[in-house]
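Visitor: structure here, sequence nowhere to be found:
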């Protein structure tokens, strides 16, 4: 197909697809009928039913606590294709999650105003037209499709001993004390509404989030995601390095402003002797004494736990008045009436896990072709 993008440009290149061999394509908006994801590349024979997907959707859904948006969505997933007699067929999986609690009238008074921190102006600049109801396609509501697909990837990877656990590391200036990220369990994360495994820090975080909500403000923070069980050798040089694909995966989520792994930004002030990990023999496999490299060397997995972090901005939608302009450029003020999270971190965790899981599923399949004796 030849179009504005030049020879070979197709709709799949228009930003709604992710992955190479395990590939998803999503569609849906905040206030549309629902959100859909098509998964290509899931191997046949995986036992799959809605109950396998629903737990992750329940963790992501709105209205689950006093510190999240009070929009009420059941987020009940439907499997429309790709499963027969309880197992994947190897053909395209189609999952659908309906929207049930849209309040489009909440946005009618701001349809010609640009909300600070949102994509309203940039969408107008790109398309010359936009769905102003809750941000349309730019809303984090679309991540419900990613989380559904990530749950499929989770079951696929779990059968190979791979686990992905995310948690809230920081809210504002409050930082959790997590001595061994690889030892954090899902039960520890889900023990409180802020999803922080440090109970003392979690209580302080909840109080802070509640206070900024009362102040008609919002607060940002940092999430940490840990992957265990990935063998050495996953990742593709040069442009599809595992770290690069993780960065793209996490930065594609609304609200994410920065990505780091391992020692991350701390390396800017370190010496090589401080940052290097020493190789040792770990009961018959080559490993490292420390894990400053975050489980990836040269963009390829080293066999150590993979440690990722994402910094998430404060929610842009505020119920307090802010200065802005109209679509015509005239000065105005804006006050957002909709239902919004005062802090994005608690609901970000299943979203971040999903994108990491999708990246891993793709690189697992790609790893099977990197050596001749791995090809069936």
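Guide: Happy to help now that I have it. Owing to the predicted nature of the structure, the values given are computational and were not obtained by experimental measurement.
Visitor: now do the SS call for the closest residue to residue 251 other than its chain neighbours.
Guide: Residue nearest to residue 251 in three dimensions, not counting chain neighbours: residue 259, with 5.6 Å by Cβ to Cβ, 6 or more residues apart in numbering. The C-beta positions use only the backbone N, C-alpha and C, and glycine is treated the same way. Per DSSP: H, G, I helix; E, B strand; the rest coil, the local secondary structure of residue 259 is strand.
Visitor: next up, the contacts around residue 259.
Guide: By Cβ atoms under 8 Å, 6 or more residues apart in numbering, residue 259 lies in contact with 246, 247, 250, 251, 308, 309, 310, 311.
Visitor: and for residue 27?
Guide: Taking Cβ under 8 Å, 6+ apart, one finds 16, 35, 36, 37, 145 in contact with residue 27.
Visitor: the strands in the stretch 251-376 of the chain, which residues?
Guide: In the stretch 251-376 of the chain, the strands defined using DSSP state E, counting those that start in this stretch lie at 256-261, 279-282, 285-288, 296-297, 300-301, 306-312, 322-325, 331-334.
Visitor: winner for burial among these?
Guide: Sort those by mean neighbour count, taking mean count of other Cβ atoms under 10 Å, and strand 306-312 sits at the top with a mean of 25.
Visitor: list the neighbouring strands of that one plus their orientation.
Guide: In the sheet, strand 306-312 lines up against strand 221-228 (antiparallel), strand 256-261 (antiparallel) (DSSP bridges).
Visitor: related to what we said a few turns ago, among the contacts of residue 27, which are located in helices?
Guide: Counting by DSSP state H, the contacts of residue 27 place residue 145 in helices.
Visitor: which pair in the contacts of residue 27 has the greatest spatial separation?
Guide: By the measure Cβ to Cβ, 16 and 35 form the most distant pair in the contacts of residue 27, at 11.6 Å.
Visitor: neighbour count winner among the two?
Guide: residue 35 (24 against 17; other Cβ atoms under 10 Å).
Visitor: tell me the pLDDT of the more buried one.
Guide: Note on residue 35: pLDDT of 95.
Visitor: before we move on, back to that, of the strands paired with strand 306-312, which is nearest residue 138?
Guide: So among those, strand 256-261 is nearest, using Cβ to Cβ, at 13.3 Å.
Visitor: can you map out the strands along the stretch 1-150 of the chain?
Guide: Under DSSP E, counting those that start in this stretch, the stretch 1-150 of the chain gives strands at 2-3, 6-7, 17-18, 23-28, 34-40, 78-81, 83-84, 87-88, 93-98.
Visitor: export these to a markdown table and tack on distance to residue 164?
Guide: Formatted as a markdown table, those follow (distance: least, Cβ to Cβ, whole Å):
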| stretch | distance to residue 164 |
| --- | --- |
| strand 2-3 | 37 |
| strand 6-7 | 37 |
| strand 17-18 | 16 |
| strand 23-28 | 16 |
| strand 34-40 | 17 |
| strand 78-81 | 22 |
| strand 83-84 | 23 |
| strand 87-88 | 20 |
| strand 93-98 | 19 |
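Visitor: and the helices in the stretch 101-250 of the chain?
Guide: 120-127, 143-158, 186-189, 199-214, 242-251 (DSSP state H, counting those that start in this stretch).
Visitor: for the ones you listed, which one sits closest to residue 348?
Guide: Set against residue 348 and scored by Cβ to Cβ, these come closest in helix 143-158, at 8.9 Å.
Visitor: specify the angle between the closest one and strand 93-98 in degrees.
Guide: Angle of helix 143-158 versus strand 93-98, following axes from the mean of the first three to the mean of the last three Cα atoms, to 10 degrees, is 140 degrees.
Visitor: just the buried residues of helix 143-158, please?
Guide: Across helix 143-158, burial judged by 16 or more other Cβ atoms under 10 Å covers 143-157.
Visitor: same thing with stretch 27-41?
Guide: 28-32, 34-41.
Visitor: now the stretch 51-200 of the chain, which segments are flagged as low pLDDT?
Guide: 63-65, 68-72, 101-107, 134 (pLDDT under 70).
Visitor: recalculate using a threshold of 90.
Guide: Residues of the stretch 51-200 of the chain meeting the criterion pLDDT under 90: 61-74, 99-112, 115, 118-120, 123-125, 127-141.
Visitor: before we move on, what about the stretch 201-350 of the chain?
Guide: Those would be 317-320, 334-341, if you go by pLDDT under 90 across the stretch 201-350 of the chain.
Visitor: could you rerun that using 70?
Guide: 337-339.
Visitor: returning to that earlier point: distance to residue 212 added to the strands of the stretch 251-376 of the chain, as JSON lines?
Guide: As requested, these are arranged in JSON lines below (distance: least, Cβ to Cβ, whole Å):
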{"stretch": "strand 256-261", "distance to residue 212": "18"}
{"stretch": "strand 279-282", "distance to residue 212": "45"}
{"stretch": "strand 285-288", "distance to residue 212": "40"}
{"stretch": "strand 296-297", "distance to residue 212": "35"}
{"stretch": "strand 300-301", "distance to residue 212": "38"}
{"stretch": "strand 306-312", "distance to residue 212": "14"}
{"stretch": "strand 322-325", "distance to residue 212": "15"}
{"stretch": "strand 331-334", "distance to residue 212": "19"}
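Visitor: which among the ones you listed is found nearest to residue 110?
Guide: Here strand 331-334 is closest among the strands of the stretch 251-376 of the chain (Cβ to Cβ), at 5.8 Å.
Visitor: what's that closest one in contact with?
Guide: Counting by Cβ under 8 Å, 6+ apart, 110, 113, 114, 115, 116, 321, 322, 323, 324, 325, 326 sit against strand 331-334.
Visitor: go again with 10 Å.
Guide: Contact with strand 331-334 is made by 109-110, 112-116, 317-318, 320-326, as judged by Cβ atoms under 10 Å, 6 or more residues apart in numbering.
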